[in-house]
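Q: Need a 3D model of the following:
(2 chains)
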Amino acid sequence: MSRVVDLLRFLGGQVVNRVWRLGRASRFFLAVLLKSGAALLRFPLLLREIWFAGVLSLIIILVSGLFVGLVLGLQGYEILQRYGSAQALGTMVALSLLRELGPVVAALLFASRAGSAITAEIGLMKATEQLKAMDMMAVDPVARVVAPRFWGGVISMPILAMLFSSMGILGGWLIGVVFLGVDDGAFWSSMQASVDFRYDVWNGVFKSVIFGVAVSLIAVFEGYDSEPTAEGVSRAITRTVVTSALAILALDFVLTSFMFRGMP
Amino acid sequence: MKRSVLDLWVGFFVAIGIGALLFLSLKVSSFSGIDQKNAYTVSARFDNIGGLKAKSPVRSAGVLVGRVTDIRLDAETYEALVEMRIDSHYVFPADSFAAIYTSGLLGDQYVGLEAGSDAEKRLADGGNIKKTQSAVVLEQLVGQFLFNKAAEGQDTP
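A: From the prediction side, this is the model:
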């Protein structure tokens, strides 16, 4: 009997803990937004965070984008040429990258490359009591440390997603046109005919902005909320990557279901 | 890292981001093709629209001149009422002919406009295309073919 009670108590505690953290995260989000005026005005601060989150993620984004495009080109060609429509390869590669793979895979890579680094940085600052020291000097750590990192992530994410999609399309072109002999003109013209700028490109960019907000918020929150010990920081980093991945995939489903429904 | 070098890298990052956006907008995608402001609406009634959808192209002699904007069922006549926006660069005679065709064997369906011969009256905003031809439905074709074959079989014992 007492075992059942223990189990119920454990489950209830877990649920209450999650809801409590969700509430804290929402309040934290509001605080970051309210205090971000100074962060956006102090340009050098923001620049450093764009460099940290964006520029340092460039290599992994570009190389993964290229390889995803290469694979899409190979697989797409293999399937499409069964139906004698290998010219549609450009359409397939571009649409799948712009609508889904670009924003989602770039956000997953961003979460594991930049999100984890942001959490580690803020978590270590907390563990070594740098945040407290700032507070003592009447410098608000949320405005000075958290907000620039948040906005750096939000600004970098759409740029990285667009670069990922572009590299992927070039990868698909490389495999399709250069190696497999799809007609160059047909590749680009069929792509242009069926990719709409507002509908496909813009919705993809919008998706990546939402993912940028989600990943950056999770990263800064987990860092700021971590236990100030070595173990606590490592746990916070793990949580950042896991929660970000789940949030990206769930948000992607929701966004897709009301962006791309009932349209040709 | 020194400030100036950092600025340079961020500038490079933003520049290739803009480059990617330009690539995606100029090389990869196209705008819907029709300028929605300089366009006029015409409607047409069809017995059957087959697989026509909103945003399907409207072509004349194979050239994209507009897009389907809305498809409804007329509750009184049970006909499909198709509304389309046509680029105002293109003016059609009032007795033009609209038909639903399929691009290729398995492609999407589109509205084909064939210009009529009325030199005086033009299709204007809110106009109606009187002469239409429905989509070809494959099942009906196959059914007709089988029916004809069966009839032939009865004639020659």
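Q: How about residues contacting stretch A:72-89?
A: A:92-93, A:96-97, A:101, A:168, A:171-176, A:180, A:182-183, A:186-187, A:190 (C-beta atoms under 8 Å, 6 or more residues apart in numbering or on different chains). Quick note: C-beta positions are derived from backbone N, CA and C, even for glycine.
Q: hmm, which of those are the buried ones?
A: A:92-93, A:96-97, A:101, A:168, A:171-173, A:175-176, A:182, A:186-187, A:190 (16 or more other C-beta atoms under 10 Å in any protein chain shown).
Q: What is the most widely separated pair among the residues you listed?
A: Within the buried ones among the contacts of stretch A:72-89, A:101 and A:186 form the most distant pair, 22.3 Å apart (C-beta to C-beta).
Q: What about the residue in the stretch 51-200 of chain A that chain B sits nearest to, how many residues nearby?
A: Relative to chain B, the nearest point of the stretch 51-200 of chain A is residue A:159 (3.4 Å; C-beta to the nearest C-beta). Residues contacting residue A:159 under the criterion other C-beta atoms under 10 Å in any protein chain shown number 25.
Q: Identify the residue spatially nearest to whatever residue of chain B ends up closest to chain A, adjacent ones excluded.
A: Of the residues in chain B, the one nearest chain A is residue B:17, at a distance of 3.4 Å by C-beta to the nearest C-beta. Nearest residue to residue B:17 in three dimensions, chain neighbours excluded: residue A:159, at 3.4 Å (C-beta to C-beta, 6 or more residues apart in numbering or on different chains).
Q: Do I have it right that the one you found meets residue B:19?
A: No - with contacts counted by C-beta atoms under 8 Å, residue A:159 stays clear of residue B:19, the gap being 10.2 Å.
Q: Flag every buried residue along the helix or strand harbouring residue B:64.
A: Per DSSP states H and E, residue B:64 falls inside strand B:63-73. The neighbour-count check on strand B:63-73 (16+ other C-beta under 10 Å) flags B:65-69, B:71 as buried.
Q: Can I get the helix or strand of chain A with the lowest mean pLDDT as CSV, trimmed to CA atoms?
A: Of all regular secondary-structure elements in chain A, judged by mean pLDDT, DSSP states H and E, the least confident is helix A:36-41 with a mean of 81. Extracted C-alpha coordinates of helix A:36-41, given in CSV (Å, rounded to 0.1, in the frame of the first residue of the first chain):
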residue,chain,number,x,y,z
SER,A,36,16.2,43.7,-23.4
GLY,A,37,16.0,47.4,-24.3
ALA,A,38,19.5,48.0,-23.0
ALA,A,39,20.9,44.8,-24.5
LEU,A,40,19.7,45.8,-28.0
LEU,A,41,21.1,49.3,-27.6
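Q: is the helix or strand just after it anywhere near chain B?
A: Where DSSP H and E defines the elements, the next helix or strand beyond helix A:36-41 is helix A:43-53. Yes - interface with chain B: helix A:43-53 contributes A:44, A:47-48, A:50-51 (C-beta under 8 Å from any C-beta of the partner chain).
Q: do stretch A:29-39 as well
A: No - remark: stretch A:29-39 sits outside contact range of chain B, by C-beta under 8 Å from any C-beta, the gap being at least 15.4 Å.
Q: and the end-to-end length of that stretch?
A: End-to-end distance for stretch A:29-39, by C-alpha to C-alpha, to the nearest Å: 15 Å.
Q: In that stretch, which of the residues would be classed as buried?
A: Those would be A:31-32, A:35-36, A:39, for stretch A:29-39 by 16+ other C-beta under 10 Å.
Q: What parts of chain A come near chain B?
A: Going by C-beta under 8 Å from any C-beta, the residues of chain A near chain B are A:44, A:47-48, A:50-51, A:54-55, A:58, A:94, A:98, A:156, A:158-159, A:162-163, A:165-166, A:169, A:188, A:191-193, A:195-201, A:263-264.
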